[in-house]
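Fold the following, please.
(one chain, ligands or ions: 2)
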Amino acid sequence: MSRGARVVVDGVSKAFDGGRIRALNEASLELEPGEFASLTGPSGSGKSTLLNLIGALDRADSGSIVVDGTPLDGGDASEYRAATVGFVFQSHNLIPTLTALENVQVPMLGRGASRAERVRRARGLLGEVGLSARADAFPGTLSGGERQRVALARALANEPRLLLADEPTGALDSATGGQMLELLERIRRERGMTVLLVTNDDAVAARAGRTLGLLDGRVVGASPLGEPPGSPGPPPRVR
Ligand SMILES: Nc1ncnc2c1ncn2[C@@H]1O[C@H](COP(=O)(O)OP(=O)(O)OP(=O)(O)O)[C@@H](O)[C@H]1O
Ligand SMILES: [Mg+2]
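Ligands and ions are numbered 1, 2, ... in the order given. The predicted model follows:
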């Protein structure tokens with residue numbers, strides 16, 4: 001059984017500043033259900049732009065993004081954002097006036113769960129990221145690594161089939177970042193989610209099942225790990 005989403009990005013372009021900045025130029029990629037892929041590239045190469053488009057936080061100028069057979073441009077994306085995708089940002093984006101336990105519940109609001117049910121699920125998620133003891137702490141009193149773990153728990157609030165993580169270890173020291181990655185890998189394995197992880201760190205990228213890069217607005221480098229270039233194997237999934 002896989003709870004992971006299939007993601008097909010086909011020829012997506014996105015420009016800013018009236019076309020002066022071409023962040024993405026017919027970028028394409030496919031993610032299999034449950035796949036763990038990393039995305040690297042120089043600063044400004046369009047990594048966050050691509051993640052924001054896949055997460056329906058922004059709209060492409062052209063091209064298509066289809067998740068589990070449904071095109072993202074088909075109107076109201078709020079249900080998709082709430083239920084299908086989880087997002088972990090480089091800076092944790094937690095609400096400072098809410099406790100860890102309350103922050104994790106934010107994506108659950110308005111989705112029919114009772115308060116007791118929300119609290120139960122949020123406690124379970126905080127337990128999964130090893131923060132049961134800090135449930136009532138405010139973000140300002142948490143360490144950077146702890147904040148990112150709360151942010152991961154929040155991203156999992158509605159059991160997404162796709163997790164998009166934009167440099168979730170970028171602001172952490174390497175030991176703390178390594179712990180965060182191990183947690184992410186474990187949670188992905190247990191849930192079978194599809195994960196797309198943006199990172200500027202090659203060592204981090206190499207831990208994914210497949211490493212993708214962004215160059216000149218396009219996705220490059222698609223060989224599944226263990227398949228040297230040119231060896232027979234599955235057909236390339238990136239055009
Ligand atoms: N809202 C925006 N308005 C104008 N330009 C933007 C906007 N968002 C991104 N850009 C530009 O698009 C390009 C791609 O930006 P993006 O944030 O996707 O890069 P990135 O690969 O995530 O970089 P980094 O590694 O520094 O996070 C950059 O030149 C950036 O300045
Ligand atoms: Mg970025």
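
Give me the below-cutoff pLDDT ranges for the chain.
Scanning the chain for pLDDT under 70 picks out 1-2, 222-239.

Around ligand 2, pick out the residues from it.
Within the chain, the residues that sit near ligand 2 (C-beta under 5 Å from the ion) are 47, 48. (Each C-beta comes from the backbone N, C-alpha and C, glycine too.)

Near ligand 1, which residues of the chain? Just list them.
The chain comes close to ligand 1 at residues 16-17, 21, 23, 41, 43-49, 200, as judged by C-beta under 6 Å from any ligand atom.

got the CA coordinates for the helix or strand hosting residue 49 in PDB?
Secondary-structure element containing residue 49, defined by DSSP states H and E: helix 47-54. Extracted in PDB, the C-alpha atoms of helix 47-54 (Å, rounded to 0.1, in the frame of the first residue of the first chain):
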ATOM      1  CA  LYS A  47      13.900  25.600  -6.300                       C
ATOM      2  CA  SER A  48      11.500  27.400  -4.000                       C
ATOM      3  CA  THR A  49       9.500  28.700  -7.000                       C
ATOM      4  CA  LEU A  50       9.000  25.100  -8.200                       C
ATOM      5  CA  LEU A  51       8.100  23.900  -4.700                       C
ATOM      6  CA  ASN A  52       5.600  26.700  -4.300                       C
ATOM      7  CA  LEU A  53       3.900  25.800  -7.600                       C
ATOM      8  CA  ILE A  54       3.700  22.100  -6.700                       C
END
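
Can you mark which positions in it are buried?
For helix 47-54, the neighbour count (16 or more other C-beta atoms under 10 Å) marks 47, 48, 49, 50, 51, 52, 53, 54 as buried.

Check stretch 187-199 too.
Neighbour counts over stretch 187-199 (16+ other C-beta under 10 Å) mark 187, 188, 191, 193, 194, 195, 196, 197, 198, 199 as buried.

How far does that stretch stretch from one end to the other?
End-to-end span of stretch 187-199 (C-alpha to C-alpha, to the nearest Å): 18 Å.

Could you report the separation of residue 202 from ligand 2?
From residue 202 across to ligand 2, the span is 16 Å (C-beta to the ion, to the nearest Å).

which residue packs closest to that residue, ignoring adjacent ones?
What sits nearest to residue 202 in space, not counting adjacent residues and going by C-beta to C-beta, 6 or more residues apart in numbering, is residue 40, at 6.9 Å.

What of residue 137?
Closest residue to residue 137 apart from its sequence neighbours, by C-beta to C-beta, 6+ apart: residue 100 at 5.4 Å.

Please report the number of neighbouring residues for the nearest residue to residue 68 once chain neighbours are set aside.
Spatial nearest neighbour of residue 68, chain neighbours left out: residue 5 (5.1 Å); criterion: C-beta to C-beta, 6+ apart. By other C-beta atoms under 10 Å, 24 other residues sit near residue 5.

I'd say residue 5 and residue 33 touch.
Yes - counting by C-beta atoms under 8 Å, residue 33 is a contact partner of residue 5 at 6.3 Å.

All good on my end, thank you.
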